[in-house]
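[1] Sequence isn't available, so here's the structure alone:
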């Protein structure tokens, strides 16, 4: 009887103890893979990487931050400031964002400098011969067209194998005007060197002048070390910067005139008879299938490192657009046409959509975020105005789903913001840091 009484009292005491434990609702005993809350994603969080996943750090952004539920972190992600995903103006329903195959692209409204489209617009690429737009601009600003350019041995021999030339040799002479046609139509590299020496005394001094002018135009990701764009690891620019340079170049009457000329005769020189040079940009030629009505100037480029690059300026119905393509694999004309068609359709419809290489950018029904270095947030957290968002391996903002980060689980709401100190739509409790309470 005594043993039975003891067992009874033990049961009463156990029930009392259990009743005293605070209730937090149903405590999940399984990993949160709710079928109604969308997909789950695993990736690097703000305090380090999950096993086998290091792609969150590829952007080069490793600034420390306070992550969701952890201390100061050293992994992918950074604190950003910017507007919430409603920036960018309006896009008419019948106009879709263009799909561009090249790695870098910009479409600019030349009258305002507004970007209508950007893909990796602040990413640095090798420009190849579109560099010569800056060379032409500076020569047009600094020289009289009738001045004589005398080509030195260094100018005519300091070239890489296979570089395009006019066949000039030491002692050849051309006027500045003739040289500019050789530069912009033939894309002659020794001509670029000769013009640089004529303006500044040396290629190095002219490169410094190029960089100073780029800075004046608002360029932030550009460094030039030569006037022609031949391969150099220290010679680079961004699609956005190149559009700023092109905008200024096509505002210059001399550059505009030369850049829209289809052919020009270069007089005889020491080792070459008189020859006709023709425009290399196919969209300017009415006889070419790639011709685009309204083109007022353009410049092509190609090197093994740069791939195809292309700058195009078109004006129709009072609207002037500049398209820049970089790091293309032979899709530069197709991509340029796609951008221009989009831009003119947008303007005709009265749309106000704007692209920015930094901040929130809408792509159809999805959103991505351009970081301060110009790259899209990818496989990482971003703290934007005090709110955490997760951007997946496709660079799009995660919505209505769980994300695992460093062994903890977080939930992104319908607007992409990380939820905190609440219960998720599928019934799991989150603490004040946003982590799932197991």
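    Received the coordinates, thanks. Everything quoted here is computed from the prediction, not taken from an experiment.
[2] tell me the SS of residue 334?
    Under DSSP: H, G, I helix; E, B strand; the rest coil, the three-state class of residue 334 is helix.
[3] what's the distance between the residue nearest to residue 218 when sequence neighbours are not counted and residue 259?
    Of all residues not flanking residue 218 in the chain, residue 244 sits nearest, at 5.4 Å (CB to CB, 6 or more residues apart in numbering). C-beta here means a position set from N, CA and C on the backbone, and glycine is covered the same way. From residue 244 across to residue 259, the span is 16 Å (CB to CB, to the nearest Å).
[4] Count the residues that sit near residue 115.
    When neighbours are counted by other CB atoms under 10 Å, residue 115 registers 20.
[5] helix or strand for it, which one?
    Assigned by DSSP states H and E, residue 115 falls within strand 114-119.
[6] next one: residue 141
    Counting by DSSP H and E, the element that carries residue 141 is helix 132-142.
[7] which residues touch that helix?
    176, 179-180, 183-184, 187, 192, 195-196, 198-199, 206, 209-210, 213-214, 224, 227-229, 242, 245-246, 248-249, 252, 254-255, 258-259, 299, 311 (CB atoms under 8 Å, 6 or more residues apart in numbering).
[8] Try it again at 6 Å.
    180, 183-184, 192, 195, 199, 210, 227, 245-246, 249, 252, 254-255, 299 (CB atoms under 6 Å, 6 or more residues apart in numbering).
[9] Stretch 208-223 too?
    Stretch 208-223 is contacted by residues 122, 124, 134, 200, 224, 236, 237, 238, 241, 244, 248 when judged by CB under 6 Å, 6+ apart.
[10] What of stretch 190-200?
    Under the contact criterion CB under 6 Å, 6+ apart, stretch 190-200 has outside partners 132, 135, 139, 142, 149, 151, 155-156, 165-166, 168, 179, 182-183, 203, 206, 209, 227-228.
[11] Quick one: mean pLDDT over that stretch.
    Averaging pLDDT along stretch 190-200 gives 98.
[12] Same question for stretch 291-299.
    Averaging pLDDT along stretch 291-299 gives 97.
[13] Only the buried residues of that stretch, if you could.
    Judged by neighbour count (16 or more other CB atoms under 10 Å), stretch 291-299 contains these buried residues: 292, 295, 296, 297, 298, 299.
[14] from what I can see the fifth one touches residue 280, true?
    No: no contact is recorded between residue 298 and residue 280 when judged using CB atoms under 6 Å, the distance being 8.8 Å.
[15] got the contact list for residue 325?
    Shown in contact with residue 325 (CB under 6 Å, 6+ apart): 102, 105, 310, 332, 335, 336.
[16] Could you report the distance from it to residue 108?
    Separation of residue 325 from residue 108 (CB to CB) stands at 13 Å.
[17] again, but for residue 292
    16 Å.
[18] re the thing from before, mind checking which of the contacts of helix 132-142 are in helices?
    180, 192, 195, 199, 210, 245, 246, 249, 254, 255 (DSSP state H).
[19] what's the neighbour count on the last one?
    What that stands for is residue 255. 24.
[20] Distance of it relative to residue 320?
    With distances taken as CB to CB, residue 255 is found 14 Å from residue 320.
[21] again, but for the third one
    Taking CB to CB as the criterion, residue 195 is separated from residue 320 by 26 Å.
[22] Name the residue in the two with the higher neighbour count.
    residue 195 (29 against 18).
[23] roughly how far apart are that one and residue 271?
    Counting by CB to CB - residue 195 and residue 271 are separated by 20 Å.
[24] Ok, residue 207 next?
    As judged by CB to CB, residue 207 and residue 271 stand 28 Å apart.
[25] Which one's more surrounded, these two?
    Comparing residue 207 with residue 271 by other CB under 10 Å, the one with more neighbours is residue 207, at 21 against 9.
[26] what's the more buried one in contact with, if anything?
    When contacts are counted by CB under 6 Å, 6+ apart, residue 207 touches 224, 225.
[27] I'd like the secondary structure assignment at it, please.
    Secondary structure, three-state DSSP: residue 207 is helix.
[28] what about the residue nearest to residue 232 when sequence neighbours are not counted, neighbour count?
    Excluding its sequence neighbours, the residue lying closest to residue 232 (CB to CB, 6+ apart) is residue 225, at 5.2 Å. Residue 225 has 17 neighbours, counted by other CB under 10 Å.
[29] how far does stretch 122-136 sit from the chain's center?
    Put simply, stretch 122-136 sits 15 Å off its chain's centre (CA atoms, centre = their mean, to the nearest Å).
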